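1. structure for this input, please:
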Amino acid sequence: MPARTKAQFRLMKAAEHNPAFAKKVGIPSSVAAEYTGSNVGKKAYSKLPERKKDGGGVNLAVGRGEKMPVERGAGLTAKGRAKYNRETGSNLKAPQPQGGPRRDSFCARMGPVARKSDEGSRARASMKRWNCPGW
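-> As a prediction, the model looks like this:
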């Protein structure tokens, strides 16, 4: 199984080369060696994503055209989705207001959040934009 992040790769490399550290973290050196060896030829170490230093997510703003204002229905624009996907390796898709399984799932997950939020919130605006029943 190849490492998914640089931090994970470094942890396994340290456990592979330092038996005391391997014992401390509870990873056998042989398992760590097998784990880091599986990265060779598949996923280059330099291409693994680095963990964000500040612990926060992707910085998106209305002013840069990455998010829509609440008056226009909230949510991300195509530019914002592209930036988020590029920085996180995710695969966000556009809203599905015409109906379908993605809309049903979104409405079910976001409904309780929107009900608890104030009038004029982004959660309520997104429910309207997705044409969720009852909004």
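2. tell me which helix or strand of the chain sits lowest on mean pLDDT?
-> Each helix and strand of the chain was given a mean pLDDT (mean pLDDT, DSSP states H and E); the minimum falls on helix 29-37 at a mean of 81.
3. show me what that helix is in contact with.
-> Met1, Pro2, Ala3, Phe9, Met12, Lys13, Ala15, Glu16, His17, Pro19, Ala22 (C-beta atoms under 8 Å, 6 or more residues apart in numbering). Any C-beta I mention is one placed from the backbone N, CA and C, and that applies to glycine too.
4. tell me which two in the residues you listed are the farthest apart.
-> In terms of C-beta to C-beta, those reach their longest pairwise distance at Pro2 and Pro19, which sit 23.0 Å apart.
5. out of the two, which sits in the more crowded spot?
-> Applying other C-beta atoms under 10 Å to Pro2 and Pro19 shows that Pro2 carries more neighbours, namely 16 against 11.
6. quick check: pLDDT value at the more buried one.
-> In this model, Pro2 is scored at 68, pLDDT.
7. check Ala61 too.
-> At Ala61 the predicted local confidence, pLDDT, stands at 90.
8. Ser126 against Met110, yeah?
-> Yes. Taking contact to mean C-beta atoms under 8 Å, the distance of 6.4 Å between Ser126 and Met110 places them in contact.
9. just the endpoints, please. Distance across stretch 14-24?
-> The first and last residues of stretch 14-24 sit 11 Å apart, counting by C-alpha to C-alpha, to the nearest Å.
10. same thing with stretch 57-68?
-> Between the opening and closing residues of stretch 57-68 lies a distance of 18 Å (C-alpha to C-alpha).
11. which of the residues in it are buried?
-> Neighbour-count burial for stretch 57-68, with 16 or more other C-beta atoms under 10 Å as criterion, is recorded at Leu60, Glu66, Lys67, Met68.
12. just how off-centre is that stretch within its chain?
-> Averaging C-alpha positions (C-alpha atoms, centre = their mean, to the nearest Å) puts stretch 57-68 16 Å from its chain's average.
13. all set now, cheers.
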